[in-house]
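Participant: Let me see the structure of the following:
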Amino acid sequence: MFGVTENTLWVEAFRPDTLDGYIGNEHIIDKVKIFIENGDVPHLLFYGGAGTGKTTLAKIIANNVDADLMYINASDENSVDAVRDKIKRYASTVGFKRWKIVILDEADYLTPNAQAALRNLMETYSKTTRFILTCNYVEKIIDPIQSRCQVFGITPPNKTEVAKRIVNILNELQVGYDTKDIATIINAGYPDIRRVLNSCQRQVIDGKLVIDDTSVIQANYMTKLLDMLKSDRDKKTAFKDIRQLINDSKVKDFSALHKYLFDELDNYAKGHIASVILILAESQYQDSFAVDKELHIMSTIVKLLNELK
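Facilitator: Presented below is the predicted three-dimensional model:
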């Protein structure tokens, strides 16, 4: 594929830009097609788990109607001022297309006051501006915003559909593979399709998808560790569970974990990305000098938990 290099993230390079390339959620796609055909998009709220296609669908809609687009990730800009000032400047200026669209990704990170400001903006600029919100937890979105949107739950495509998409990507990139290895990667990361694709990319060595017993063990323990970092566990419980997980995994080399946690930043460190990068970079550097690798990685986990929770 033109433009795909060794450093290109597959999740971005192969993100579909039309409904024809979008997989799953057929009942929603039929309604979205009507919005696009009519060129008239209502306020929308897509909710569902990480990596299920919410943001992709929002961008497809925005890019296939006559509209200017502003994208905001609320995990990075979630204050009242960020929402009110940035969106107001955009919505109040003269546009040359029928609509202005604001994609507000990770909207459940918005503070209650920021959500109240957003509700007012949705009302004030409703004649010219449409809002497409995405979130993991719809219950964190205030009722006045939900009532102004058409709300859709986004579910992941089934494993067969995911496997077909991965096979198509590997074939396009001329990467060799065994279907059993694809199944292993999907089972480890599903239903987070972004995680599945990132994992698949990491396992490509010299033009071939390579999975061995060690990489399977690592994929499983790293996936579980990431889920623990993301969970609502308190710090003490999370530390205890992660320590037990690492002990049970029998993994002695944690170099791959640093890269994995860096690749998955958007999946667990929203609002803390810069700080987490510094923690991971320091830990990776110190890892080569550490006598006790498990002790060292647990000290890194403590720093991550203190930052994230």
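Participant: Give me the number of neighbouring residues for the closest residue to residue 15 other than its chain neighbours.
Facilitator: Beyond its immediate neighbours in the sequence, the residue positioned closest to residue 15 (Cβ to Cβ, 6 or more residues apart in numbering) is residue 56, lying 5.6 Å away. To be clear about C-beta, it is placed using only N, CA and C from the backbone, and glycine gets the same treatment. For residue 56, the count of nearby residues is 22 (other Cβ atoms under 10 Å).
Participant: The helix or strand that residue 56 is a member of - contacts with which helices or strands?
Facilitator: Using DSSP states H and E, residue 56 sits within helix 54-63. Counting contacts by 3 or more Cβ pairs under 8 Å, 6 or more residues apart in numbering; DSSP states H and E, helix 54-63 packs against helix 26-38, strand 44-47, strand 67-73, strand 99-105, strand 129-135.
Participant: about what we covered before: return the residues in contact with the residue nearest to residue 15.
Facilitator: Applying Cβ atoms under 8 Å, 6 or more residues apart in numbering to residue 56 gives the contacts 15, 16, 22.
Participant: and the second one, what element?
Facilitator: This means residue 16. Counting by DSSP H and E, residue 16 is part of no helix or strand.
Participant: Quick one: closest of the helices and strands packed on helix 54-63 to residue 178.
Facilitator: Taking Cβ to Cβ as the measure, these were each checked against residue 178, and helix 26-38 came out nearest at 30.0 Å.
Participant: Pretty sure residue 275 sits against residue 307.
Facilitator: Yes. The pair residue 275 / residue 307 is scored as a contact, 5.2 Å apart, by Cβ atoms under 8 Å.
Participant: Next secondary structure after the helix or strand in which residue 167 is found?
Facilitator: In this structure, residue 167 sits in helix 159-172 according to DSSP H and E. The element immediately downstream of helix 159-172 (helix or strand, assigned by DSSP H and E) is helix 179-189.
Participant: now what about that following helix, what contacts it?
Facilitator: Outside of helix 179-189, the residues within contact range by Cβ under 8 Å, 6+ apart are 159, 162-163, 166-167, 170, 195-196, 199-200, 203, 209-211, 216, 219-220, 223.
Participant: and these, which are buried?
Facilitator: By neighbour count, with 16 or more other Cβ atoms under 10 Å, the contacts of helix 179-189 hold 162-163, 166, 170, 195-196, 199-200, 203, 209, 211, 216, 219-220, 223 as buried.
Participant: Check the gap between the residue nearest to residue 15 and residue 151 for me.
Facilitator: Counting by Cβ to Cβ, to the nearest Å, the gap between residue 56 and residue 151 amounts to 18 Å.
Participant: Before I go, just wanted to say thanks for your time.
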